[in-house]
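Engineer: Sequence plus the predicted model coming up.
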Amino acid sequence: TLKSDDTTAAAASGRFVVQVGAVSDQTRAQQYQQRLSQQFSVPGRVIQNGAVWRIQLGPFASKAEASALQQRLQTEAQLQSFIASAQ
């Protein structure tokens, strides 16, 4: 499908993600990521890391773009987050 190709291309060019949390329940992680992606109109993903699932928004081509979202998360949702390198 065309949509998944576009998503793959965007993900390949992104260098930074904003991590908003990590939980032990995959379903909860996916629901949380989907809610935030919808609320902030950004792509997101859930990545397994051992026993936890990381909730990440992005990727973004620049650290400035990631930082802008981080600011919005803090202001609009009172969410703490950090910027990480996209893997």
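Structural biologist: On my side now, so go ahead.
Engineer: Show the backbone phi and psi for the residue lying closest to residue 69 once chain neighbours are set aside.
Structural biologist: Nearest residue to residue 69, sequence neighbours excluded (Cβ to Cβ, 6 or more residues apart in numbering): residue 18, at 5.2 Å. (Each C-beta comes from the backbone N, C-alpha and C, glycine too.) Dihedral angles of residue 18 (phi, psi; degrees, to the nearest 10) stand at phi -110, psi 110.
Engineer: what's the least confident helix or strand in the protein, going by average pLDDT?
Structural biologist: Within the chain, no helix or strand scores below helix 2-13, which has a mean of 46 by mean pLDDT, DSSP states H and E.
Engineer: From the centroid of this structure, which residue is nearest?
Structural biologist: residue 57 (1.2 Å; Cα atoms, centre = their mean).
Engineer: In terms of helices and strands, where is it?
Structural biologist: Element membership for residue 57, per DSSP states H and E: strand 52-60.
Engineer: now residue 72
Structural biologist: helix 63-77.
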